[in-house]
Structures are given as C-alpha cells and as structure tokens.
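Student: Any chance you can model this:
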Amino acid sequence: MGDNRNLLAEQRRAMILDEVRRRGGVRVNELTRRLRVSDMTVRRDLDALARQGVLEKVHGGAVPVVEATAQEADFEAKAALEPGAKREIARAAARLVPPGAAIALAGGTTVFALAQQLVGAEGLTVVTNSVRVADVFHAAGDEATVVLTGGVRTPSDTLVGPVADAAIRSLHFDVLFLGVHGVSAAAGLSTPNLAEAETNRHFVRAARRVVVLADHTKWGTVGLSSFASLDDVHVLVTDAGLPREARAELAERLPELVVAGGGSALTRGTDT
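Tutor: Numbers count the residues shown, from 1 in each chain. Have a look, this model is predicted:
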C-alpha cells in the first residue's frame, strides 16, 4: 500500500474496503502495519465501514458482508468466472477418483471441468444430473457408463426436481464430486435454487465420500438454501486464492483440505 501515514480517513477506508474484498478478509494488525497508523485508528475505520454495511467486523479483523443470494446465473456466465482456478481444482480433484469407481458428478462449471479431466479414465460409472457433464463423455465417445438422472433443467443446465431425486435415492456412490454456489462456516454449502438444494441433499446422502469443488470466490457466499453442513464434507478442493485465515478455519473443520496449485493437502490440525 506504500507510505499511507498522511492519507485522509476516506482514502484509508477505501483502501481497507478494497483489501477486504480482494482478499476475502483482513486482520487489524496487518492493516496497522500496511497503513502505518495506530490500532485504534484502524478499529475506528472498521467501525465506520461496518456502520455503512460494506463489511462485517469479526474477532481481530473484518470480512466482506455475506448476503443471501437468490439469483442464479446461466452456465456460460458461470464458466467465465475464475476459469484458471477451476482448471487447477479439476486437475487436483481428478487425482481423487478411484479406479473403476461409481462416482456422482453434480452440476456446475467446476465439476464440468473435472469431467473433461476424466475422459478416458478406465472403468468409471458416472451418474450426473448435469446435461453439460453428460455431453462431455458422449461427445468424446468415452467408454465410461454415464447415467443422466433426468429432471427439470435449471439455468445452469442442471437437472433437478422429483425425477432427479427419485433416481438418486435408489443409487449408491463411492464418491460425490459437488460444485457449490457458496461455502461458509455458518451456512455450510448453499445454492440459490431451492429444487437444486433438495437434489443435492439426496446426492450427499447417497455418497460414501463427499468431495466439494469450490474456488476461493465461493468462500463467504451464502445462497438462499443450505443443503449440507461442513460436517458432511470429507474433502474440499479449492485454489491458492483462498485467504490464509479461511484455509486455517477449513483445515480445522474438515478431514482434508486440498489447495490446488498451492501445495499439498492440508489435514485436520495441520499448521497452516
């Protein structure tokens, strides 16, 4: 941030807000060092920004305001977001697929990227409620057994509703690979689509192992409907953009956290 000793309060607060949004959270001691102001000054700035509703104070720092979203973008719009991170996550997740396994691939653009990585894998049985994921295997002439659940199509080309739910309830998966709209410590895994939330609940119940694929922008986001808690997740695969504090919290809560492109798996109790 450079030499900011003489910054006006408005300039300093704008820089703090930009840092919070860019990194997903900041600590008071980091801001005092970067801005070269007192601890009390930083805390007053955070109080002012919190009163404006643009950030939320937490113990020792601040995070972006979490808003419950009810709007769902279409597949192309989602695919344009963080494409590099999604490719890194997909490559890391592909290494978690057991040979000859029966796996479920839920909807979403990150799971779609994983499907592209799995073309040619031997002996797979794939159940999916994503039209896009099924098309990946069919277009490649892949020999994997691919089962498309059927159901009502969402804006993100995912099939949901009673037909999808009934198909999933009758099946059992070695591993579920699941994309999410949002991940948070309080709300767990969430989506803005109520029917998709119900379908995802059935996926989670039918899987012996749940692997969540979520780039760093999903942390702190809360959709309209939660469908699983962090306690239901066995592995979360994310990217190196995830803030250090979020990594520490997830590593503490989850059996395994994989940071794609940023190091090896972190397990519960690992010093991050």
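
Student: List the beta-bridge partners for Ile103.
Tutor: Applying DSSP bridges to Ile103 gives these bridge partners: Val126, Val175.

Student: which residues sit in contact with it?
Tutor: Contacts for Ile103 were tallied using C-beta atoms under 8 Å, 6 or more residues apart in numbering; they are 97, 124-127, 173-177. The way it works is simple: take the backbone N, C-alpha and C, and place the C-beta from them, glycine included.

Student: and if you look at Gly179?
Tutor: 106-111, 212-214.

Student: Kindly provide the distance from it to Lys86.
Tutor: 9 Å (C-beta to C-beta, to the nearest Å).

Student: what is in contact with the two at once?
Tutor: 109-110.

Student: neighbours around Ala240, how many?
Tutor: 13 (other C-beta atoms under 10 Å).

Student: just checking, Gly60 touches Val28?
Tutor: Yes. Between Gly60 and Val28 there is a contact at 5.9 Å, judged by C-beta atoms under 8 Å.

Student: Between these two, which is the more surrounded one?
Tutor: Per other C-beta under 10 Å, whichever of Gly60 and Val28 has more neighbours is Val28, with 18 against 12.

Student: just for the stretch 1-150 of the chain, where's the confidence low?
Tutor: Residue ranges of the stretch 1-150 of the chain with pLDDT under 70: 1-7, 65-82.

Student: What ranges does it have for its strands?
Tutor: 26-27, 55-58, 61-64, 68-69, 102-105, 125-128, 145-148 (DSSP state E, counting those that start in this stretch).

Student: And for the stretch 151-272 of the chain?
Tutor: 152-153, 159-160, 175-179, 182-184, 188-191, 210-213, 222-223, 225-228, 235-239, 256-260, 266-267.

Student: Including mean pLDDT, could these go into TSV?
Tutor: TSV is the format used below for the strands of the stretch 151-272 of the chain (pLDDT from 0 to 100):
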stretch	mean pLDDT
strand 152-153	90
strand 159-160	92
strand 175-179	97
strand 182-184	88
strand 188-191	90
strand 210-213	98
strand 222-223	81
strand 225-228	91
strand 235-239	96
strand 256-260	95
strand 266-267	44
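
Student: Pipe those strands into JSON lines and attach distance to Ala197 per row.
Tutor: Output for these, formatted as JSON lines (distance: least, C-beta to C-beta, whole Å):
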{"stretch": "strand 152-153", "distance to Ala197": "14"}
{"stretch": "strand 159-160", "distance to Ala197": "9"}
{"stretch": "strand 175-179", "distance to Ala197": "12"}
{"stretch": "strand 182-184", "distance to Ala197": "11"}
{"stretch": "strand 188-191", "distance to Ala197": "5"}
{"stretch": "strand 210-213", "distance to Ala197": "14"}
{"stretch": "strand 222-223", "distance to Ala197": "8"}
{"stretch": "strand 225-228", "distance to Ala197": "4"}
{"stretch": "strand 235-239", "distance to Ala197": "18"}
{"stretch": "strand 256-260", "distance to Ala197": "24"}
{"stretch": "strand 266-267", "distance to Ala197": "28"}
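
Student: Looking at those, which is nearest to Val42?
Tutor: strand 182-184 (24.6 Å; C-beta to C-beta).

Student: just checking, what packs against that closest one?
Tutor: strand 188-191, strand 222-223 (3 or more C-beta pairs under 8 Å, 6 or more residues apart in numbering; DSSP states H and E).

Student: so which of the ones you listed gets nearest Val258?
Tutor: Among the helices and strands packed on strand 182-184, strand 188-191 sits nearest to Val258 (C-beta to C-beta), with 16.4 Å.

Student: So what are the sheet partners of that closest one and their directions?
Tutor: Partners of strand 188-191 in its sheet, by DSSP bridges: strand 182-184 (antiparallel), strand 225-228 (antiparallel).
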